[in-house]
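A.B. asks: my questions are about this predicted structure, shown below with the sequence.
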Amino acid sequence: EVLHKYAEAEKLYLTVDEPDLAINMYKKIKQYDAMLRLVKQFHPDLIGQTHVHLAQELEDESSYTQAEQHYIAASDWKGAVQMYRSRDLWDDAYRVAKTHGGATASQQVAYLWAKHLGGDSAIKLLQKLGAVDVAIDFACEQQAFGFAFEICKAAAKNRSEDVHLKQAMHLEDEGNFRAAEDSFIQANKPKEAVLMYVHAQDWDAAQRIAEKHDPESISDVLVGQARVAFQNRDYSKAETFLLRANRPELAVRYYKEAGMWDDALRLAKEYLPTMLPQLRQAYEQEVGGDVPLSSQQVSGVSQAGAGRNTAAALLEQARAYENNGNHAQAVEACMKLMPGDLDDMALAGVYQNAAELAAKFLPTKASTVTVELCQRLLQMDQYGVAADLFVAVDMLREAVEVCVRGKLFDRARELADELEEPELLDDLKAAQVEHLQHNNEADKLASVDVIAALDLYARNGQWAECMAEAEKHGGQVLNKYAALHAAFLLQQGEPGQALKVFVDFGAPSTSSNLNLYRRLLLDLVNDPTSFPYKVWASMRDVMASVRGGMAAQSADVEAEFDRYTTIAHYYALKLAAAEIPGLKELQAKLSMALLRHTDIVPPDRAFFEAGAACRDNDQEGMAFVFFNRFLDLSEAIEDGSLDSMDNTDFLDTDIPLEVPLPDRHFIEEEEREDIKEWVLAISMEQDINQELDKDERGVYVASLNGDTEPCLVSGFPVLSERVDFQRNKAAIREEWSRFVMAVKTSHSVQLEDVMRFLSTWCGASSSMTYAFS
């Protein structure tokens, strides 16, 4: 073995019956085929385990292809998939899963791959692999509903309701019924929401959903309430629910199962006469004897309460008792009438009279009678009458609760004010806010809780109303919702509109807003839209305003936003100069100055614009260098890496070399091909100097290098004759003079606006005297 004669060493190891030593020898020298041959010969039960062990070692050594072979040989294709996944080698992970795991496995890997990528890349991948629907199903199984909705929005809008339904069922299992309700509604399955609340015995919620979204389910709610009432032996209430649901046959069945034949026969005679003979026969067979008289003549009050045909008799009897001064009997007769025996308004009047009699003549029973009658009134949705009855017996807290339940908030507030209990007023306000929020009545909510109303407007995307209301209150309230509105617009990919929010409502220099301003600038420079001068001028003014507000708080943040202001100023001035003949050179200089900010400005955009500006200014050599860099960056964007970039031309400049690559190209492929053809044509011309221009310092002309200040007008380094301004700003004398002359002679509104800004930013003026150094 020491002499590397491994075949002979193997023979000797086997001769002395030590195959494991031979196996270890081959393992040490990484002759895995020979090693596996011996394992298969002497330890066939360990061959799979050995393949896995070798695969793991090769994986650690980054020999992924060989590791994959051993995982497959060990029938452990999942190990190979996991190896590739953990190293972001998703193409290989998908290939292995598809080849060895089948359709389901490859679809799972496609889902995980897409989730890893996120955004547009994920959608494109799923569409390419034909796995959109499967990915949605996997996302729902993993409770990744946000990702499922993202896929639906971009590629499968027809699946949105399905995802909402699965989310609703998950939320229901979690006990989050309110959120589940919203999802059921969005899934267009209101009946499922009703049944959920019926199962949870939340009758008010079930009734609310049924009335608003699925009137046909109202009977299901009533039947559910009736079932619970029967279980609780509250037969009169159960019967009322079933009659309101138009399900008398269920009431008959429940009475029959409970052995309450009198009531079963009574209901059958009144509502289901065709069923009566059969029911009588069943009674005689089970009980024996004749059918009870009470089921043949409706002359009294049954165990479950008076039927409709006895209502008139009971009312007559109650009046007679009252006229004779038998007030207790009059109240008792009135209370035998149950919801459903009369129409709600008439019965509410009966109950109100009974309560008044009890309060006046039966003071010891007045509270008990009132509570019972009010419970029935609540079943009939007669909240105002119930509140009046509670007030009559000085039960003000109960009256308030009834008003809240009936959404009679003004009346509830009047009663709560009488109690002078701050906690009760807070509870009342919270209930009213919840009700108005649920019904999306933000306009009314504003008079109760402004912040809640503004949140509701924002949640519903009613930004015009939200900002109009917030503007009434100003200060922190306005700032908060302006920031929320701008953030929403940025999420929607509308940086220009987000900027307009800050222009219209102000951009406060609060630390909580700084990231929003940063994102606003980044989104604006990354947007391929050709924004007009007004947009960039507004961006410049906003950033300058924020910078000014941070001056006394943080020097670092002030410097950062001063830089953002400079970038926006360059873009605005470029656009203003584009309207004036003779300022092409200024446009080119500003485009070159922006190259030092390519850690913020997308590098492909900056180099494309610099190349185009130099080409238009007949600086073809500089244009060649910038366009060439642009093409290199385009390839880097395709590769997703800067590793192949040649930085030789920019080593001694202030242009950043390590910059973030954008997710997408700034210009379309057709225009990129035009640039490529131009570069190729220029490369063939010998008389063009294909390198960066240098100045008297011997360095790239636009490079600041060291402590040199950038010119306020062109962005080029201020080297000799200069004009100094406030806040350490300066300009090259010649550039400043040319700019001032253009302002005065062109009568350009945009150039005048630039001058106005410079006056505000650093005290510059077209009539100032110059100080040269």
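C.D. replies: Great, that's in hand. Numbers count the residues shown, from 1 in each chain.
A.B. asks: for the protein, which spans come out with low pLDDT?
C.D. replies: 1, 286-310, 415-429, 431-432, 434-449, 551-552, 766-773 (pLDDT under 70).
A.B. asks: the residue nearest the centre of it: what's it in contact with?
C.D. replies: Nearest to the mean C-alpha position of the chain, by CA atoms, centre = their mean, lies residue 146 at 7.3 Å. If you count contacts by CB atoms under 8 Å, 6 or more residues apart in numbering, residue 146 has none. Every C-beta, even on glycine, is put in place using the N, C-alpha and C of the backbone.
A.B. asks: can I get the helix or strand harbouring it as PDB, trimmed to CA atoms?
C.D. replies: Here residue 146 sits within helix 145-155, counting by DSSP states H and E. Only the C-alpha atoms of helix 145-155 are listed here, as PDB (Å, rounded to 0.1, in the frame of the first residue of the first chain):
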ATOM      1  CA  PHE A 145     -51.500  31.900   1.400                       C
ATOM      2  CA  GLY A 146     -49.600  35.200   0.700                       C
ATOM      3  CA  PHE A 147     -47.500  33.500  -1.900                       C
ATOM      4  CA  ALA A 148     -50.600  31.700  -3.300                       C
ATOM      5  CA  PHE A 149     -52.300  35.000  -3.700                       C
ATOM      6  CA  GLU A 150     -49.200  36.500  -5.400                       C
ATOM      7  CA  ILE A 151     -49.300  33.700  -7.900                       C
ATOM      8  CA  CYS A 152     -53.000  34.100  -8.500                       C
ATOM      9  CA  LYS A 153     -52.700  37.800  -9.000                       C
ATOM     10  CA  ALA A 154     -49.900  37.500 -11.700                       C
ATOM     11  CA  ALA A 155     -50.900  34.200 -13.500                       C
END
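A.B. asks: in it, what's buried?
C.D. replies: By neighbour count on 16 or more other CB atoms under 10 Å, the buried set for helix 145-155 is 145, 147, 148, 149, 150, 151, 152, 154, 155.
A.B. asks: and which of these is nearest residue 240?
C.D. replies: Here the nearest of the buried residues of helix 145-155 to residue 240, counting by CB to CB, is residue 145; it sits at 40.9 Å.
A.B. asks: quick check: the closest one vs residue 110, distance?
C.D. replies: Note on residue 145: its distance to residue 110, by CB to CB, to the nearest Å, is 19 Å.
A.B. asks: same check on residue 351?
C.D. replies: 66 Å.
A.B. asks: one step back: okay, the buried residues of helix 145-155 in CSV with distance to residue 255 next?
C.D. replies: CSV is the format used below for the buried residues of helix 145-155 (distance: CB to CB, whole Å):
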residue, distance to residue 255
145, 46
147, 53
148, 49
149, 49
150, 54
151, 53
152, 50
154, 57
155, 56
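A.B. asks: just the closest of these to residue 745, please.
C.D. replies: residue 154 (52.0 Å).
A.B. asks: hmm, back to that, out of the buried residues of helix 145-155, who's nearest residue 178?
C.D. replies: Closest to residue 178, out of all of those and judged by CB to CB, is residue 145, at 16.0 Å.
A.B. asks: wait, doesn't the closest one sit right on residue 163?
C.D. replies: Yes. Shown here, residue 145 and residue 163 form a contact pair, counting by CB atoms under 8 Å, at 6.4 Å.
A.B. asks: between the two, what contacts are shared?
C.D. replies: In contact with both residue 145 and residue 163: residue 139, using CB under 8 Å, 6+ apart.
A.B. asks: mind checking how far the residue nearest to residue 214 when sequence neighbours are not counted is from residue 227?
C.D. replies: Sequence neighbours aside, residue 190 is the residue nearest to residue 214 in space, at 4.1 Å (criterion: CB to CB, 6 or more residues apart in numbering). Using CB to CB, residue 190 is found at 21 Å from residue 227.
A.B. asks: and the contacts of stretch 553-570?
C.D. replies: Here stretch 553-570 makes contact (CB under 8 Å, 6+ apart) with 509, 511, 514, 517-518, 521, 525, 536, 539-540, 543-544, 546-547, 550-551, 590, 593-594, 597, 600-601, 710, 715, 754, 757, 761.
A.B. asks: what residues of it count as buried?
C.D. replies: 557-558, 560-570.
A.B. asks: strands along this structure, start to end?
C.D. replies: 722-724, 730-732 (DSSP state E).
A.B. asks: other SSEs contacting the last one?
C.D. replies: Identification of packing neighbours for strand 730-732 by 3 or more CB pairs under 8 Å, 6 or more residues apart in numbering; DSSP states H and E yields strand 722-724.
A.B. asks: isn't residue 151 up against residue 137?
C.D. replies: No. Assessed by CB under 8 Å, residue 151 is found out of contact with residue 137, at 10.4 Å.
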